[in-house]
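Asks: dropping a prediction and its sequence here:
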Amino acid sequence: MNRTVVVVDDEPIIRLDLCQMLEELNYEVIAEGTDGFDAVEICRKKHPSIVLLDLDMPVFDGMTAAETIMTEGLADCVVICTAFADEEFIRKAGDIGVSGYLVKPVEQRSLGPTLEIALAQGRRISAYKEDAKEAERKIQENKIIERAKGCLAREKNILEIEAYREMQKTAMEKRVPLLAIAKAVLNQESRQDDVMRAKRLLMRKKGLSEPEAYKILSREATRHKISIQEMASKVLDQGGLR
């Protein structure tokens, strides 16, 4: 089990005492810092299990550092270790997601349980965030598949359930995820949309009919040895043919 700690306090003696207690409790102190700026930068590099953080420090105060660490997910949990027992500080610490609050002078008998509870809470929060991230990923994937299903149904004039089955069949035949097929369908639609927009641009600028505009696109694509979709993109980028 990962039990790494970053200790941040501007008082060297306090850091020394905390490090000694942590080692006796079988925690690994992987770095020390003297202010909130150090705390954030160290956590970005080390990603510890726990940050043991003083509040009253120069450069970057502990509460601001704690909020940054929690917001960016730079550590599993943050435990405040401070001389301030003010209710406002405790409330704010809770609001930003701090997992523990110790009032100096810290004793080993209170340090151990506080860290264990904080660590357990931090891991539960991390697991919850991962679950939420995975759920959001699946929602976004389903949106892409639904859009692709609708596009394919319109293109082939079939029911959406038939379009979905066709995408599933293709995915099985190609041995790729259904999402990959859905993205390919949408990419194809996007290219077709470019061709349609390019035709309309040529029709408007040159007074052409739709078949004439398409014939020009096709001829220029052949001349440049590129696909008609690529030619359409070039026409749109240039605002017409040069």
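Replies: Yep, that arrived.

Asks: mind pulling the model confidence for the residue nearest to the spatial centre of the chain?
Replies: Per CA atoms, centre = their mean, the C-alpha nearest to the average position across the chain is that of Lys133, at 8.1 Å. Looking at Lys133, its pLDDT reads 88.

Asks: helices or strands next to whichever helix or strand it is part of in the packing?
Replies: Assigned by DSSP states H and E, Lys133 falls within helix 108-156. Under the contact criterion of 3 or more CB pairs under 8 Å, 6 or more residues apart in numbering; DSSP states H and E, helix 108-156 touches helix 12-24, strand 50-53, strand 77-82, strand 100-103, helix 160-174, helix 178-206. Quick note: C-beta positions are derived from backbone N, CA and C, even for glycine.

Asks: tell me which strands the third one pairs with, and in which orientation.
Replies: In the sheet containing strand 77-82, the strands it pairs with under DSSP bridges are strand 50-53 (parallel), strand 100-103 (parallel).

Asks: need the winner for burial among these.
Replies: Highest mean neighbour count among those (mean count of other CB atoms under 10 Å): strand 50-53, with a mean of 29.

Asks: what's downstream of that strand, the next helix or strand?
Replies: helix 62-72.

Asks: tell me the angle that following helix makes with strand 77-82.
Replies: If you take axes from the mean of the first three to the mean of the last three CA atoms, to 10 degrees, helix 62-72 sits at 180 degrees to strand 77-82.

Asks: show me the contacts for the nearest residue to Ile30 once chain neighbours are set aside.
Replies: Closest residue in space to Ile30, ignoring its immediate chain neighbours: Thr4 at 4.8 Å, by CB to CB, 6 or more residues apart in numbering. If you count contacts by CB atoms under 8 Å, 6 or more residues apart in numbering, Thr4 has them with Tyr27, Glu28, Val29, Ile30, Lys46, Pro48, Ser49, Ile50.

Asks: now the phi/psi pair for the most far-flung residue of the chain relative to its centre, please.
Replies: No residue in the chain sits farther from the centre than Gly207, which is 48.2 Å out by CA atoms, centre = their mean. Main-chain torsions, Gly207, degrees, to the nearest 10: phi 70, psi 40.

Asks: could you tell me the least trusted of the strands paired with strand 77-82?
Replies: Note on the strands paired with strand 77-82: strand 100-103 shows the lowest mean pLDDT, a mean of 90.

Asks: save the helices and strands packed on helix 108-156 as a markdown table, and put in distance to Glu212 too.
Replies: A markdown table is the format used below for those (distance: least, CB to CB, whole Å):
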| stretch | distance to Glu212 |
| --- | --- |
| helix 12-24 | 79 |
| strand 50-53 | 69 |
| strand 77-82 | 68 |
| strand 100-103 | 74 |
| helix 160-174 | 33 |
| helix 178-206 | 8 |
